[in-house]
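Trainee: Give me the fold of what follows.
(one chain, ligands or ions: 1)
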Amino acid sequence: MDVELDGLAVRHILHDITLTARGGEVHGIVGPNGSGKSTTLRCLYRALRPTGGVVRLGGRDLHAVPIRDTARELAALTQDSHVEFDFTVTEVVAMGRLPHQAGFDRETDEDRAICADALSRMDVAHLADRSYLSLSGGERQRVLIARALAQQPKVLLLDEPTNHLDISHQLAVLALTRSLGVTVLTVLHDLNLAAAYCDRIHVLDGGRVVAGGKPADVLVPQVLRDVFHVEAHVVPHPTSGVPQLLFEHQEVIP
Ligand SMILES: Nc1ncnc2c1ncn2[C@@H]1O[C@H](COP(=O)(O)OP(=O)(O)OP(=O)(O)O)[C@@H](O)[C@H]1O
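Mentor: Numbering: from 1, shown residues only. Modelled structure (predicted):
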């Protein structure tokens, strides 16, 4: 499903964000702290109403369709994805099925199978009966991603999905998001992971897209200097050939 942001604006925070993610593509949103990455995603998962521009999902104005319809098409792992109460892991992941159930529908065998698959893909099946609140940061993150998978979305929004994850789970989560065949928009701080797993990268600075395109065209020394104020060398990955960055170490933040 295509996702189009057309001149998206939020008060003084976002200005004229325009980008298109075609069905099945993985798009990375990168940029310094406070550049507007999470605010962009908030407009997409409808936590925030834009003050200008349009968001289209599958060609339809996102804000013109019932929110329940949106929840059947779009799942989000957000920075605000907290679970306050003492649910089990199974119960948390089962919440992902709610948009697909009507009123007082009971969970079906199919729902349970979809949740079991999501738990196993995120390597948290062994935690199924544990209290969510008793989990480590990385385990919680994987459970929340499993909940998003259980939603079976056509569009997946991920705000720093690799937060708290060890390197093996970081690579596994990003590989999995690519393999799903759904449209993914993901905020990432790790530019090397973005280069390795994204079809397109959009660089935000001061609430504007200042560069966008294929990783090799976007992650170039001048952009890194201008936007992140770091010096970097770009080298091809020895096996995949994707651009990878080697940063010059610095003593203090300039
Ligand atoms: N509700 C709000 N009221 C006022 N300012 C806000 C609000 N929400 C976000 N901002 C400001 O908008 C800017 C963009 O915030 P946003 O969270 O989108 O940045 P980000 O790129 O995701 O940052 P980070 O990398 O630190 O997570 C920041 O300066 C932030 O302080």
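Trainee: what about residue 212, helix or strand, and which?
Mentor: Residue 212 belongs to strand 208-213 when assigned by DSSP states H and E.
Trainee: If you count neighbours, what's buried in that strand?
Mentor: For strand 208-213, the neighbour count (16 or more other Cβ atoms under 10 Å) marks 209, 211, 212 as buried. Any C-beta I mention is one placed from the backbone N, CA and C, and that applies to glycine too.
Trainee: Name the nearest of those relative to the ligand.
Mentor: Taking Cβ to the nearest ligand atom as the measure, the ligand lies nearest residue 209 of the buried residues of strand 208-213, at 12.2 Å.
Trainee: can you pull up the bridge partners for the closest one?
Mentor: Beta-bridge pairing for residue 209 (DSSP bridges): residue 204.
Trainee: Cross-check the contact I'm expecting between it and residue 202.
Mentor: Yes: with contact defined as Cβ atoms under 8 Å, residue 209 reaches residue 202; the gap is 5.3 Å.
Trainee: For these two, list the residues in contact with both.
Mentor: Common neighbours of residue 209 and residue 202, using Cβ atoms under 8 Å, 6 or more residues apart in numbering, are residue 19.
Trainee: Send me the strand holding residue 212 as PDB with only the CA atoms.
Mentor: What follows is strand 208-213, C-alpha atoms only, in PDB (Å, rounded to 0.1, in the frame of the first residue of the first chain):
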ATOM      1  CA  ARG A 208      12.300  19.800   6.700                       C
ATOM      2  CA  VAL A 209      13.500  17.000   4.400                       C
ATOM      3  CA  VAL A 210      17.000  18.100   3.400                       C
ATOM      4  CA  ALA A 211      18.000  15.000   1.400                       C
ATOM      5  CA  GLY A 212      16.200  11.900   0.200                       C
ATOM      6  CA  GLY A 213      16.800   9.000  -2.100                       C
END
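Trainee: moving C-terminal of it, what's the next helix or strand?
Mentor: For strand 208-213, the following helix or strand on the C-terminal side (DSSP H and E) is helix 215-218.
Trainee: outside of that following helix, which residues touch it?
Mentor: Here helix 215-218 has contacts from 28, 194, 195, 198, 200, 201, 202, 203, 211, 212, 242, 243, using Cβ under 8 Å, 6+ apart.
Trainee: Show the overlap between these and what lies near the ligand.
Mentor: Among the contacts of helix 215-218, no residue lies close to the ligand (Cβ under 6 Å from any ligand atom).
Trainee: Many thanks, I have nothing further to ask.
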